[in-house]
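Asker: I need the structure of the sequence given here:
(one chain, ligands or ions: 1)
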Amino acid sequence: MLRFLWEGISFQMLLIFLVVFLLVIADYMTHRKPKHFPPSPFAFPFLGHIHLMNFSNPQNAIQKINEKCGDIFSIRMGNVTFVTVNGLRLVKEVLVTQGENFIDRPQMPLAEIFSKAGLICSNGHLWKQQRRFTLTTLRNFGLGKRSLEERIQEECRYLVDVFRDEQGNPFNPHFKINNAVSNIICSVTFGNRFDYHDEKFQKLLQLMEEMATLQGKVMSQLYNAFPSIIKFLPGPHHTIFKNLRLLKSFVEEIINKHKEDWNPSESRDFIDSYLQKIAKDNDNGTFQEENLVACVLDLLFAGTETTSTTIRWGLLYMAAYPEIQARVQAEIDSVIKQGRQPVLEDRNNMPYTNAVIHEVQRKGNIIPFNAPRETVKDTVVDGFLLPKGTIMLTNLTSVMFDKNEWETPETFNPEHFLKDGQFCKRESFVPFSLGKRACLGEALARSELFLFFTALLQKFTFHVPPDTTLNLDFKLGITLSPQPYKICAVPR
Ligand code: HEM
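Answerer: Residues are numbered from 1 along each chain as shown. Just a heads-up that it's a prediction; the model follows:
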């Protein structure tokens, strides 16, 4: 009897062992590295390098691997393998010198929120057409009856008013800044801005904010690694997709309204221009309503979260470094004074303020690994072979915090961008990325950052609330943003 039991168990164990062994072999075969592929640390079967990941500070984890493996290496998170390049030389090689070979976006499970249509996640001919059309249309609206500069200046006045309403008491500026920044892209795409008390729009901003925050959760990151398992578990990824559906129906409602009162001979905004393009599309259907919805969502999302997060870092740094804030205000008082609003031309005469804004962007480092790219064909980088379809992370952190490029990389130091009192550009300043697929909204973002930042510092001094210690740690989401904070905007 015992002998039978023993034989039974050992047979079952043998079977389990065999199945596990076969699974490990299958995993090895599936994820076997091609010849001359970049090196990687030891990986566990199925899990890959998940044990090396620090989910609350992935930059640190990547830096450690960089120190061990060199400037180009591969890492595997579950089923997804990335190649990471570090340092200006290789980041430029990938984004600029051989940029055409890395122009695509991979179709990652969570990136589905941006869909394969539109601007951010589309590829090939479709992407080229949407990008060209959007850039031209944004430029046209910038040159139109009301320039983008005027729209931003108008919004600065609204933002200053709601900050003044707080009467110097501690408040969280997050959604006021979000609303102001979002209004710029809304005024270009929908033709109107939204009041800061508009409940429906506030709800929309909250949905976007929640999506941005949830993207940083461990479960969301695991969803990217093991989508077929994690999709059956409860977690933030479900909320992300639910919010997206709500945002989509908000945009569709606005597009339908535009269609109702559309006048083909006049274009009020981006949506009107796109509807015109659909009407006379002679480009094999690249311009369709599905793409219009996706482009508007992309502009709204990319144009709100990034710039708003940067301004929030800016105010936080000003409260943390009062002597730097005082120097910015002294420059404002000498160049603009109190009598008029800042204009973009002032930037040329304000090297210190310009340097501070650049340093906010460098130190804020809001998109630490850039948006992912994918090789469109087999490509050799630094002697390593990257087959077609390889997912690439260009580590912007490794460039903007490089000890060999920056005098004091870990310190908030506007002197990084000053030489003999004049503003000086730095090649290693890359928050908008580089090359043909770099940020589409860079010019708009730079205008917004300068005008909002100077308008606020012209009218207020920012202080840490009494009995509060400022926290300069980041919160990981789709961007690295400040932890929620309250601040006092004391009128000047
Ligand atoms: C401080 C503000 C901003 C930062 C730091 C930033 C940064 C970036 C980065 C790093 C990328 C990825 C580029 C690449 O793959 O090489 C990107 C893409 C993009 N950004 Fe921005 N961005 C900002 C503001 C804006 C604004 C205001 C808009 C709105 C017009 C915008 C629209 C886009 C779009 C549509 C893409 C996708 C481009 C493509 O795939 O062709 N961004 N941005």
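
Asker: Just name whatever secondary elements the one helix or strand Q130 maps to is in contact with.
Answerer: Element membership for Q130, per DSSP states H and E: helix 124-143. Counting contacts by 3 or more C-beta pairs under 8 Å, 6 or more residues apart in numbering; DSSP states H and E, helix 124-143 is packed against helix 148-164, helix 270-279, helix 289-320. Quick note: C-beta positions are derived from backbone N, CA and C, even for glycine.

Asker: most neighbours per residue, which of those helices?
Answerer: Counting by mean count of other C-beta atoms under 10 Å, helix 289-320 has the highest mean neighbour count of the helices and strands packed on helix 124-143, with a mean of 23.

Asker: Could you check the angle that helix makes with helix 148-164?
Answerer: 50 degrees (axes from the mean of the first three to the mean of the last three C-alpha atoms, to 10 degrees).

Asker: how about the strands of the stretch 51-200 of the chain, start to end?
Answerer: When assigned using DSSP state E, counting those that start in this stretch, the strands of the stretch 51-200 of the chain occupy the ranges 72-77, 80-86, 170-171.

Asker: Figure out how far the first one is from the centre of its chain.
Answerer: Going back to what we said before, that points to strand 72-77. Mean-position distance between strand 72-77 and its chain equals 21 Å (C-alpha atoms, centre = their mean, to the nearest Å).

Asker: related to what we said a few turns ago, TSV for the strands of the stretch 51-200 of the chain, including mean pLDDT?
Answerer: Converted to TSV, the strands of the stretch 51-200 of the chain look like this (pLDDT from 0 to 100):
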stretch	mean pLDDT
strand 72-77	92
strand 80-86	94
strand 170-171	97
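
Asker: Which pLDDT value does the model give the residue nearest to Q130 when sequence neighbours are not counted?
Answerer: Residue nearest to Q130 in three dimensions, not counting chain neighbours: L119, with 5.3 Å by C-beta to C-beta, 6 or more residues apart in numbering. Here, the pLDDT recorded for L119 equals 94.

Asker: Provide the backbone phi and psi angles at L119.
Answerer: With angles defined as degrees, to the nearest 10, L119 sits at phi -110, psi -50.

Asker: Which residues are in contact with it?
Answerer: By C-beta atoms under 8 Å, 6 or more residues apart in numbering, the residues touching L119 are W127, Q130, R131, T134, A294, C295, D298, L299, A302, L440.

Asker: The fifth one reaches A117, doesn't it?
Answerer: So the one you mean is A294. Yes. With contacts counted by C-beta atoms under 8 Å, A294 reaches A117, the gap being 3.8 Å.

Asker: need the residues of the stretch 51-200 of the chain near the ligand, please.
Answerer: L119, I120, R131, I185 (C-beta under 6 Å from any ligand atom).

Asker: my guess is S182 contacts Q202, does it?
Answerer: No. S182 is not in contact with Q202 according to C-beta under 8 Å; the separation is 10.5 Å.

Asker: So between these two, which is more surrounded?
Answerer: A side-by-side neighbour count of S182 and Q202, using other C-beta atoms under 10 Å, places S182 first with 25 against 16.

Asker: Generate TSV for the strands of the stretch 51-200 of the chain, with distance to S481 and mean neighbour count as supplementary columns.
Answerer: Formatted as TSV, the strands of the stretch 51-200 of the chain follow (distance: least, C-beta to C-beta, whole Å; neighbours: other C-beta atoms under 10 Å):
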stretch	distance to S481	mean neighbour count
strand 72-77	23	21
strand 80-86	23	22
strand 170-171	17	16
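
Asker: Out of these, which gets nearest to E289?
Answerer: Proximity to E289 (C-beta to C-beta) singles out strand 80-86 among the strands of the stretch 51-200 of the chain, at 31.7 Å.

Asker: Quick check: neighbours of the closest one in the sheet, parallel or antiparallel?
Answerer: strand 72-77 (antiparallel), strand 391-395 (parallel) (DSSP bridges).

Asker: Flag the shaky bits of the stretch 1-150 of the chain, pLDDT-wise.
Answerer: Residues of the stretch 1-150 of the chain meeting the criterion pLDDT under 70: 1-9, 24, 26-29, 110-115, 142-146.

Asker: what ranges do the helices span in it?
Answerer: With DSSP state H, counting those that start in this stretch, the ranges of helices along the stretch 1-150 of the chain come out as 2-30, 58-69, 87-92, 124-143, 148-164.

Asker: What are the buried residues along the third one?
Answerer: Taking 16 or more other C-beta atoms under 10 Å as the basis for neighbour counts, the residues of helix 87-92 that come out buried are G87, L88, L90, V91, K92.

Asker: hmm, who's touching that helix?
Answerer: 71-72, 85, 381-382, 394-396, 398-399, 402, 405, 427-428, 430, 434.

Asker: In ChimeraX, how would I select the buried members of those?
Answerer: Buried residues among those (16+ other C-beta under 10 Å), as a ChimeraX selection:
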select :71,72,85,381,394,395,396,398,399,405,428,430,434
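
Asker: from the contacts of helix 87-92, which is closest to G78?
Answerer: The nearest member of the contacts of helix 87-92 to G78, counting by C-beta to C-beta, is N395 at 20.4 Å.

Asker: which one is the closest one nearest to, not counting chain neighbours?
Answerer: Nearest residue to N395 in three dimensions, chain neighbours excluded: N86, at 4.7 Å (C-beta to C-beta, 6+ apart).
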